[in-house]
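[1] Sequence below, structure please.
(one chain, ligands or ions: 1)
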Amino acid sequence: MNPISVQNLNKSYGGVEALADISVEVEPNELFGFIGPDGAGKTSLFRILTTLLKPDSGEASVLGLDVVDDYRTIRTKLGYMPGQFALYEDLSVRENMDFFASVFGTTLEANYDLVAPIYSQLERFEDRLAGALSGGMKQKLALSCALIHKPELLVLDEPTTGVDAVSRQEFWQMLQQLKSQGITIIASTPYMDEAEQCDRVALIDNGHILNIDTPEQVARNFDQPLLAIKASSIYELIKKLRSYEWADSVQPFGEYVHYTDKREEPDISKLELYLTEQCGLSEVEIKSIEPDIEDSFMNLMQKEVT
Ligand SMILES: Nc1ncnc2c1ncn2[C@@H]1O[C@H](COP(=O)(O)OP(=O)(O)OP(=O)(O)O)[C@@H](O)[C@H]1O
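    The predicted structure follows:
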């Protein structure tokens, strides 16, 4: 039995299709990521899996239990960290922990071993109001509260959004540690660079799952030669590349533009001549690069639109 099994799930709000025929299996003890931009449908899916929202159609089971029929039992077995900070800001760190423990009929002491690696970092601030914690510490408290009843499954909706880069890294390390204790974890994120922390990822956009695979394989699925191009004006560079007769995709990536060509092999010297001689761009640099998961995702999203 897989801890999460979803078949042909649909959910709409009025005319907005939030989830369109979603199917996915999460295996025991996986750290599984749902990766996609704002509005992709991640929260709707997680709210269905945590029994807070009913699907319009399709089937979903969590830990072998149906999300509609067995919602009460499911709630006792999973730990959920919603996207928005859901703790009591006017209670202290310790009071929040005690409150969540009491909801599940347990105590911090009874489950201390599981939460200790995370909670021990907060113990110095036990008397501080949750509302006065930094973003990274709030996130640790929320994770500790989600773990207080020893859940078999952790559901984390955008746990790292709005948290600094160091805390994000630390957070994923904590998740790896929890995974090593046998917990299955699903987490959603809009940050592509977090994909590599997962065993497998589902790329989700516009209510559709575009791909499910290991992060390495998702990147490998991008099968065209890829160029990174730079010039003194990135705006002009994008404009000129988009009007180049052989251009296939043109995507800004930081100070570079990632480019693919309609032909099997792009003619780099002709492209350079076009940009410098014909378009008058200066400081043009063109290099071949290996695609990463973000390139693959952009490519899939583009295919979905066309
Ligand atoms: N209660 C609602 N009423 C109407 N539309 C909604 C509602 N909740 C979500 N939506 C719409 O459904 C789509 C999917 O939203 P959802 O929140 O599931 O996506 P998401 O990937 O979690 O994005 P975000 O990170 O922005 O929450 C979006 O177009 C959103 O505007």
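[2] so who does the nearest residue to residue 131 once chain neighbours are set aside touch?
    Once flanking residues are discounted, residue 131 sits nearest to residue 89: 3.1 Å by CB to CB, 6 or more residues apart in numbering. Where C-beta positions appear, they are placed from N, C-alpha and C, glycine not excepted. Applying CB atoms under 8 Å, 6 or more residues apart in numbering to residue 89 gives the contacts 129-131.
[3] same check, this time on residue 83
    By CB under 8 Å, 6+ apart, the residues touching residue 83 are 43, 157-158, 161, 188.
[4] and which of those residues is nearest to the ligand?
    Closest approach to the ligand among those (CB to the nearest ligand atom): residue 43, at 3.1 Å.
[5] My read is that that closest one contacts residue 190, right?
    No: under the criterion of CB atoms under 8 Å, residue 43 makes no contact with residue 190, lying 11.2 Å away.
[6] and which of the contacts of residue 83 is nearest residue 114?
    Nearest to residue 114 among the contacts of residue 83: residue 157, at 20.7 Å, using CB to CB.
[7] Mind pulling up the pLDDT for the spatially most central residue of the chain?
    What sits nearest the mean C-alpha location of the chain, by CA atoms, centre = their mean, is residue 189, with 2.2 Å. Note on residue 189: pLDDT of 92.
[8] mind checking how far it is from residue 97?
    Distance of residue 189 to residue 97, given as CB to CB, to the nearest Å: 25 Å.
[9] tell me the mean pLDDT for the lengthiest helix in the chain?
    The longest helix of the chain (DSSP state H) is helix 165-180. Across helix 165-180, pLDDT averages out at 90.
[10] same question, stretch 257-270
    Per-residue scores along stretch 257-270 average to 94.
[11] repeat for stretch 72-84
    The average pLDDT within stretch 72-84 is 89.
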